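Novice: when you get a sec, could you give me coordinates for this:
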Amino acid sequence: MWRRTVRLVGRRSASKKSTTNYNYNTNSKSTFSIPTPKTRKSHYSTQQFNSLGEPVFPKPPKPLAKWKIVVFAGLLLAAINIPYVNKLVYQTSQPLESLGRLFLRYSNNGKGNSEGEALMSEEDFIRSLIPAKTDPTPFLGTGSFKQIFEHGKITFEDFVLFDYLLATPESHLSAAFHMFDEDHNGLLTKEQFQTLIAATGAGPQVDVDFSTKFWDRYFGNDEFGKPRSISEKQMLDLVRSLRSGVLNQEFRMKDSDNNGWISAEEFGRGLFSNAPNDTIPSYIVTKLHTVGNAYKNTKVTFERWERINTLASDLVALETGLKLISNASGHVNREDFKKVVKVTSGIELNDTEVGILFHLFDNEKYPGTLNSRVFLDVLKTRAERRLYDFGKYQEIKPQVSLLAASIKAAESFGLGGIAGAAGATAVYPIDLVKTRMQNQRTTRAGVSAAGKRLYANSFDCARQVWKFEGPLGFYKGIGPQLIGVAPEKAIKLVVNDYLRKWFSDPKREGEIYLPLEVLAGSGAGASQVIFTNPLEIVKIRLQVQGETLRRFQGSGAQPKSAFQIVRELGFGGLYKGSSACFLRDIPFSGIYFPLYAKFKDLRLSSRKKKTGRPDVELGASDILLAGSGAGAFSAFAATPADVIKTRLQVEVRPGEAKYTNILDCASQVLKSEGWTAFFKGAIPRVCRSSPQFGVTLWTYESLQKYVKGHEGWSAPTNVPVSASDRKSKQGKV
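Specialist: Residues are numbered from 1 along each chain as shown. The predicted structure follows:
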């Protein structure tokens, strides 16, 4: 048996050689035949041919580039590690810098060092300890720090020293006092006290001037002209006055009705304020809701509040005592707890106070006993607070269940989708004109590359669309846009809020550092590309095919549907030009969101000055103006990237230049059309983006108010709200 194979090379067709195999087998009864070469179905509605009359088939869409997959994976990994990035950024911030910013913000009645030397009065000091947006009036008349400031104002060095004294346990200060009391007379001179502050290791890295009027009571000359010395009691009285004043401010925040007492639930919320949510079990957080019913008629006065908080002034002894009891009996019951507190701090707690603490810090495994670890963690958080921490009051947030989180996410996506659709529909005609103007190719002399220039300007483009395509021509391609605008706007808003939350500095009352604010907006812009790129390329091809059909009338070309375009492009083709989409959306969002926040802040400050009310809210015109203004700046800045993206994503017509990548597109456009081509469609783009984002954000915020107004007001899961705020929102007294 023998076999012979002859390979005939046929004429070139499509993108590969067609081959025919002749198989001759002497034992075979069948005769050989020439199989018909397989034909390849065209992706176009009409067949195209080259100059030799041969059919031309489009190249198959390229698969998604590996680097793009790496980018998406990198973005996902970065999102997972955002909390650690936040810690890394702000751990480098020195306490002295944070104290300096706080002091300059509130000294000299809020004018910082603009009026000579920066000094802080009692009123300035009180303002620095409460949240920035809180009305200071109820706190100013309390006299919490009257004894401290009765002899004059304090300097920045004094402010830093106060911060140090508040964060240092009394036992450490007492031990250091006796170490440097060289004469053993219970007094320290000014020089010895300076040495004590510096030698403890935790002292401020500033030179405190103890010759000021404020320190005369301790180190000034007496009636005989001799310098005074400070006693241990005077030193501890100063520390206790500071702590008592701070606790009084906190108590006033909870006692919004100025009754002189707070409920057991408000006491618990105050105790847990600013506590780390990740270290406290969820079952203990839920105790905040039940303690109010368990101790419904209990009134927690300031004396009780101060007595329990004083336990945080010396945690070493308290922790040692609790460990000894736990090792001896296995658990800490109420009687043992009262004994440990009395021995270590000298404070006698009554049964009600102990009952509230045991209710809040109940041991889940052994009910009726104290969860010492969580109790000490909460007290440690309160003991380690610095002066810049008091102004950022946050209640502990209960952990959200998966179902509740899913409902919230669905709500955000729904509201974002509706708002995005409203904004997109309102300005879609402008977007169509912008796209057609950007796709019009001309030479430096203004001559169209395809021969005849279709549009003289944006207004001429709009006129021709109305004339030849009718009013509905302005809304070609809006279907895919509306389908994709929901996930696009939702993910953009959510990612921006998420990043801003993690990047905000808790030491600066939740403010965000400008570079990190830009990074948050840029991250939001990058995240939306996964949705926007496929929608953009389909929308652009639908928008320009009207002028293509008009230009090539009589060729038999038929309009394509969105489904046809998607099928032609394939999965990889849907992400064609995604690098240019990144180039446009990242800087746009990086500019837009910080500008929007700044414009809103300026409008809010202006309203406060006009009305004189600190609780004034922004109106619809303010939101529209802020969103539109930020959108105009951002859209113009990102226009060159948008032009490149449009050129890369549009379907190339006969006689027009082809671009391989961003650099090739940019160089060809610059060479053939000049730098002004990068700003084609800038006016329609600004006119579109400016009102679109204004309408979108106004609609979004209005929908939020409307939905919450009908289903009952509830605190957002990521925003701390006090009990008094909740009552005022619900209309309760």
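
Novice: packing partners for the helix or strand hosting Gly292?
Specialist: Taking DSSP states H and E as the definition, Gly292 sits inside helix 287-294. Using 3 or more C-beta pairs under 8 Å, 6 or more residues apart in numbering; DSSP states H and E, the elements in contact with helix 287-294 are helix 264-271, helix 351-360. The way it works is simple: take the backbone N, C-alpha and C, and place the C-beta from them, glycine included.

Novice: touching, Val269 and Glu250? I think so.
Specialist: Heads up, residue 269 is Arg, not Val. No. With contact defined as C-beta atoms under 8 Å, Arg269 does not count as touching Glu250 (10.8 Å).

Novice: one step back: between helix 351-360 and the helix holding Gly292, find me the angle.
Specialist: Here the directions of helix 287-294 and helix 351-360 differ by 140 degrees (axes from the mean of the first three to the mean of the last three C-alpha atoms, to 10 degrees).

Novice: residue boundaries of the helices in the stretch 251-400 of the chain?
Specialist: Using DSSP state H, counting those that start in this stretch, the helices of the stretch 251-400 of the chain run over 264-271, 282-285, 287-294, 302-309, 315-329, 334-345, 351-360, 372-383.

Novice: deepest of the ones you listed, which one?
Specialist: helix 264-271 (a mean of 24; mean count of other C-beta atoms under 10 Å).

Novice: about what we covered before: nearest to Arg647, of the helices of the stretch 251-400 of the chain?
Specialist: helix 282-285 (53.7 Å; C-beta to C-beta).

Novice: report the distance from the closest one to the chain centre.
Specialist: Here the centre of helix 282-285 is set off from its chain's centre by 26 Å, with C-alpha atoms, centre = their mean, to the nearest Å.

Novice: same deal with stretch 327-335?
Specialist: 45 Å.

Novice: give me the contacts around it.
Specialist: For stretch 327-335, the external contacting residues (C-beta atoms under 8 Å, 6 or more residues apart in numbering) are 322, 325-326, 336, 340, 351, 354-355, 358, 363, 366, 368-370, 372.

Novice: and the two most separated of these?
Specialist: Farthest-apart pair in the contacts of stretch 327-335 is Ser326 and Asp351; separation 21.4 Å (C-beta to C-beta).

Novice: is it true that Lys338 touches Ser345?
Specialist: No. The criterion here is C-beta under 8 Å, and Lys338 misses it with Ser345 at 11.4 Å.

Novice: need the helices and strands packed on helix 287-294 in CSV with distance to Gly523 and mean pLDDT, can you?
Specialist: Listed next are the helices and strands packed on helix 287-294 as CSV, based on distance: least, C-beta to C-beta, whole Å; pLDDT from 0 to 100:
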stretch, distance to Gly523, mean pLDDT
helix 264-271, 33, 88
helix 351-360, 38, 92
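
Novice: would you list those in CSV and tack on distance to Ala638?
Specialist: Output for those, formatted as CSV (distance: least, C-beta to C-beta, whole Å):
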stretch, distance to Ala638
helix 264-271, 45
helix 351-360, 52
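
Novice: out of those, which comes closest to Gln668?
Specialist: Judged by C-beta to C-beta, the one of the helices and strands packed on helix 287-294 that comes nearest to Gln668 is helix 264-271, at 63.7 Å.

Novice: for the closest one, name the packing helices and strands.
Specialist: Contact partners of helix 264-271 among helices and strands, from 3+ C-beta pairs under 8 Å, 6+ apart: helix 232-254, helix 287-294, strand 300-301, helix 302-309, helix 351-360, helix 723-730.

Novice: again, 7 Å this time
Specialist: In terms of contacts (3 or more C-beta pairs under 7 Å, 6 or more residues apart in numbering; DSSP states H and E), helix 264-271 is packed against helix 232-254, helix 287-294, helix 351-360.

Novice: right, so of the helices and strands packed on helix 287-294, which gets closest to Leu595?
Specialist: helix 264-271 (36.1 Å).

Novice: quick one on the thing from earlier: out of the helices and strands packed on helix 264-271, which gets the lowest mean score?
Specialist: Mean pLDDT is lowest for helix 287-294 out of those, coming in at a mean of 83.

Novice: which residues sit against that one?
Specialist: With C-beta atoms under 7 Å, 6 or more residues apart in numbering as the test, helix 287-294 has contacts from 263-265, 268-269, 272, 356, 359-360, 362.

Novice: report pLDDT for the closest residue to Gly477 other than its chain neighbours.
Specialist: Distances taken as C-beta to C-beta, 6 or more residues apart in numbering put Leu542 closest to Gly477, at 3.4 Å, once the chain neighbours are dropped. Looking at Leu542, its pLDDT stands at 78.

Novice: for Leu542, what are its contacts?
Specialist: Contact analysis of Leu542 by C-beta under 7 Å, 6+ apart lists 476-477, 562.

Novice: now tabulate those in JSON lines and tack on neighbour count, pLDDT and distance to Arg228.
Specialist: Formatted as JSON lines, the contacts of Leu542 follow (neighbours: other C-beta atoms under 10 Å; pLDDT from 0 to 100; distance: C-beta to C-beta, whole Å):
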{"residue": "Lys476", "neighbour count": "19", "pLDDT": "80", "distance to Arg228": "87"}
{"residue": "Gly477", "neighbour count": "23", "pLDDT": "76", "distance to Arg228": "83"}
{"residue": "Ala562", "neighbour count": "16", "pLDDT": "76", "distance to Arg228": "86"}
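
Novice: take these and keep only those in helices.
Specialist: Ala562 (DSSP state H).

Novice: mind naming the longest helix for this structure?
Specialist: helix 402-439.

Novice: buried ones in that helix, by neighbour count?
Specialist: Residues of helix 402-439 classed as buried: 412-413, 415-439 (neighbour count, 16 or more other C-beta atoms under 10 Å).

Novice: one more: stretch 696-703?
Specialist: Taking 16+ other C-beta under 10 Å as the criterion, stretch 696-703 shows 696-701, 703 as buried.

Novice: and it, how far from the chain's centre?
Specialist: Using C-alpha atoms, centre = their mean, the offset of stretch 696-703 from its chain centre is 18 Å.

Novice: for it, what is the average pLDDT?
Specialist: Stretch 696-703 comes out at a mean pLDDT of 83.

Novice: show residues contacting it.
Specialist: Defining contact as C-beta under 7 Å, 6+ apart, one finds that stretch 696-703 is touched by 415-416, 418-420, 422-423, 489, 620, 623-624, 627.

Novice: which of those residues sits closest to Asp135?
Specialist: Nearest to Asp135 among the contacts of stretch 696-703: Ile623, at 23.7 Å, using C-beta to C-beta.

Novice: what's the nearest residue to Glu232 if we skip its chain neighbours?
Specialist: Phe177 is the one closest to Glu232 (C-beta to C-beta, 6+ apart), at 4.9 Å.
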